[in-house]
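[1] Based on what follows, work out the 3D shape:
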Amino acid sequence: MERPYDIIIWGASGFTGQLVVDYMSKNYANSNVRWAVAGRNTDKLTSILAGRDVPVLKADSHDTNSLDILAQQGRVILTTVGPYARYGSELVAACARHGTHYCDLTGEVHWMREMITKHQDEAVASGARIVHTCGFDSIPSDLGVYFLQQQMQAKHGVPAKHIKYRPRAFSGGFSGGTIDSMMAMMESAQKDSSIMKTMAKPYCLNDKMTGLDGPDRMSSYFDEDFDAWVGPFVMAAVNTRVVRRSNELLNGAYGTDFRYDEGTVISKGAKGFLGANAIGAGTMAFAGLAALPITRPLLKKFLPKPGEGPTPEAIENGHYHIELRGIHPTDPSKNMTAHVKGDKDPGYGSTSKMIVESALALAQDDLPVKGGFWTPASAMGDALLSRLPASAGVTFEIESP
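    Now for the predicted structure:
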């Protein structure tokens, strides 16, 4: 069936959605990409477009009929509407039914597991490629590991047995949408204890394959490979699960005993020890306050509200630099280090570019996979390693020995 649009942006009136529209307008307005925006409030969408010649479609997150019509009009649905467990399930189902490719920015691990379980067979049958986590969570992690393993195989003929992800520089802010998703996840977990059990499993996104990784490490530890103290990284519980699922979907290309972890590297000595412990204590304190019904409303008073986010200046001046260390299976002298760098605020400026390039890859590129639920690396690893440095300001480099 011929579809009038290559990409339909769902959620263009939200904070991140507006950044996505701006990026599309700036970079692809005069291209061969046919795109539209869609949402419940078409007047608001028209206002946000500010005279740009972009079609506006109407649908509702909880109206199955309108979502069925929407899904059949586009090759790809790009959605920024979260919390996804609250607003995204019917859209995923519609895409799976109608063979419509899909990408989002969710970090809601329990919801991803639910969607895979419910709709994998239907997506395979229809040809819909469903790809979660197409922003800062989890493209730098997932593509960084994919890239480093490619380089390790090319140079040494084996995959790294263990890869460690360590942010080196990070400048950006939180939006109210991200906070709202985190709070919604905690509220859901309070009502359903199985959600926390799912999130706690290191391989919860895998269907069969497991490995050597254990529970997420919340305490500080000294990492000899970095000669520094390391504390927890706030999004590790999402990114690590995605990377481990990629290994399964890539038929164990990283090895059946592959290990992957993420942490925040501080420094060595007493200062590093205190800093790493402070990060661990702060992370656990925030999680504890967010999990309790009595303290969650108090947190919401002091954190950004949905629709709020960093200033344009903060987005423009933001950046990130991530180091990934690949450990050779037998010879430490053959360890390799990759650097992933991005311009602009990671969660919003860079994320909006990454999800657009992901949608374009799904719509236009000759990808090696058919229908089903995929990760960014397993569905479009090579395509994104080409697209992101060329268009989105995200680079992947191997450190010279």
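[2] Do you have the strands of the stretch 251-400 of the chain handy? List them.
    Using DSSP state E, counting those that start in this stretch, the strands of the stretch 251-400 of the chain run over 259-265, 319-327, 336-343, 372-374, 394-398.
[3] And those: which comes nearest Thr198?
    Across the strands of the stretch 251-400 of the chain, the minimum distance to Thr198, taken as C-beta to C-beta, is reached by strand 372-374, at 15.6 Å. (C-beta placed from N, C-alpha, C; glycine too.)
[4] Packing partners of the closest one?
    helix 109-126, strand 129-131 (3 or more C-beta pairs under 8 Å, 6 or more residues apart in numbering; DSSP states H and E).
[5] follow-up on the earlier one: let's have the strands of the stretch 251-400 of the chain in a markdown table, adding mean pLDDT.
    Output for those, formatted as a markdown table (pLDDT from 0 to 100):
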| stretch | mean pLDDT |
| --- | --- |
| strand 259-265 | 97 |
| strand 319-327 | 97 |
| strand 336-343 | 98 |
| strand 372-374 | 98 |
| strand 394-398 | 98 |
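[6] Including mean neighbour count and distance to Gln149, could those go into a markdown table?
    Shown next, in a markdown table, are these (neighbours: other C-beta atoms under 10 Å; distance: least, C-beta to C-beta, whole Å):
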| stretch | mean neighbour count | distance to Gln149 |
| --- | --- | --- |
| strand 259-265 | 23 | 10 |
| strand 319-327 | 20 | 7 |
| strand 336-343 | 21 | 9 |
| strand 372-374 | 25 | 17 |
| strand 394-398 | 19 | 12 |
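[7] In JSON lines, list those along with distance to Met183.
    As requested, the strands of the stretch 251-400 of the chain are exported to JSON lines (distance: least, C-beta to C-beta, whole Å):
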{"stretch": "strand 259-265", "distance to Met183": "22"}
{"stretch": "strand 319-327", "distance to Met183": "24"}
{"stretch": "strand 336-343", "distance to Met183": "27"}
{"stretch": "strand 372-374", "distance to Met183": "26"}
{"stretch": "strand 394-398", "distance to Met183": "29"}
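[8] And these: which comes nearest Ser31?
    That would be, of the strands of the stretch 251-400 of the chain and by C-beta to C-beta, strand 394-398, which comes in at 19.9 Å.
[9] okay, how far is it across stretch 55-64, tip to tip?
    For stretch 55-64, the first and last residues are 21 Å from each other (C-alpha to C-alpha, to the nearest Å).
[10] winner for burial among the helices and strands packed on strand 372-374?
    For the helices and strands packed on strand 372-374, average neighbour numbers computed from mean count of other C-beta atoms under 10 Å are highest in strand 129-131, which has a mean of 25.
[11] Paired strands for it, with orientation please.
    Sheet pairing of strand 129-131 (DSSP bridges) gives strand 101-103 (parallel), strand 372-374 (parallel).
[12] just for this protein, where's the confidence low?
    Low-confidence segments of the chain (pLDDT under 70): 1, 174-177.
[13] list the buried ones in the lengthiest helix in it?
    Assignment by DSSP state H gives helix 269-291 as the longest helix of the chain. With burial defined by 16 or more other C-beta atoms under 10 Å, the residues of helix 269-291 counted as buried are Gly272, Phe273, Gly275, Ala276, Ile279, Gly280, Thr283, Ala290, Ala291.
[14] Columns distance to Asp121 on top of those, output as JSON lines?
    As requested, the buried residues of helix 269-291 are exported to JSON lines (distance: C-beta to C-beta, whole Å):
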{"residue": "Gly272", "distance to Asp121": "49"}
{"residue": "Phe273", "distance to Asp121": "50"}
{"residue": "Gly275", "distance to Asp121": "47"}
{"residue": "Ala276", "distance to Asp121": "44"}
{"residue": "Ile279", "distance to Asp121": "42"}
{"residue": "Gly280", "distance to Asp121": "41"}
{"residue": "Thr283", "distance to Asp121": "37"}
{"residue": "Ala290", "distance to Asp121": "35"}
{"residue": "Ala291", "distance to Asp121": "34"}
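[15] can you tell me which helix or strand the nearest residue in space to Met196 that is not next to it in sequence belongs to?
    Excluding its sequence neighbours, the residue lying closest to Met196 (C-beta to C-beta, 6 or more residues apart in numbering) is Ala189, at 4.7 Å. Element membership for Ala189, per DSSP states H and E: helix 176-191.
[16] What of Phe222?
    Short version, using DSSP H and E: Phe222 is in strand 221-223.
[17] would CSV of the strands paired with strand 129-131 with distance to Gly255 be doable?
    Listed next are those as CSV, based on distance: least, C-beta to C-beta, whole Å:
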stretch, distance to Gly255
strand 101-103, 28
strand 372-374, 20
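[18] From Pro167, how far off is Ser317?
    Quick fix: residue 317 is Asn, not Ser. 17 Å (C-beta to C-beta, to the nearest Å).
[19] Which one of those two is surrounded by more residues?
    Looking at Asn317 and Pro167 with other C-beta atoms under 10 Å, you find the greater number of neighbours at Pro167, namely 19 against 15.
[20] what residues are up against that one?
    Residues counted as contacts of Pro167 (C-beta atoms under 8 Å, 6 or more residues apart in numbering) are Phe233, Thr264, Val265, Tyr320, His321, Ile322, Glu323.
[21] Now do the same for it: helix, strand or coil?
    Classification of Pro167 by DSSP: H, G, I helix; E, B strand; the rest coil places it in strand.
[22] Farthest from the middle of this structure: give me that residue.
    Ala270 (34.1 Å; C-alpha atoms, centre = their mean).
[23] Quick check: that residue vs Ala276, distance?
    Taking C-beta to C-beta, one finds Ala270 at 11 Å from Ala276.
[24] ok, now Met185?
    The value you get for Met185 to Ala276, if C-beta to C-beta is used, is 25 Å.
[25] One more: Val76?
    For Val76, the distance to Ala276 - C-beta to C-beta - is 41 Å.
[26] and what of Ala184?
    30 Å.
[27] what's the answer for Met218, then?
    11 Å.
[28] just Lys268 next, same as before
    Taken as C-beta to C-beta, the span from Lys268 to Ala276 is 10 Å.
[29] where do the contact lists of the two overlap?
    Trp229.
[30] Done for today, thanks.
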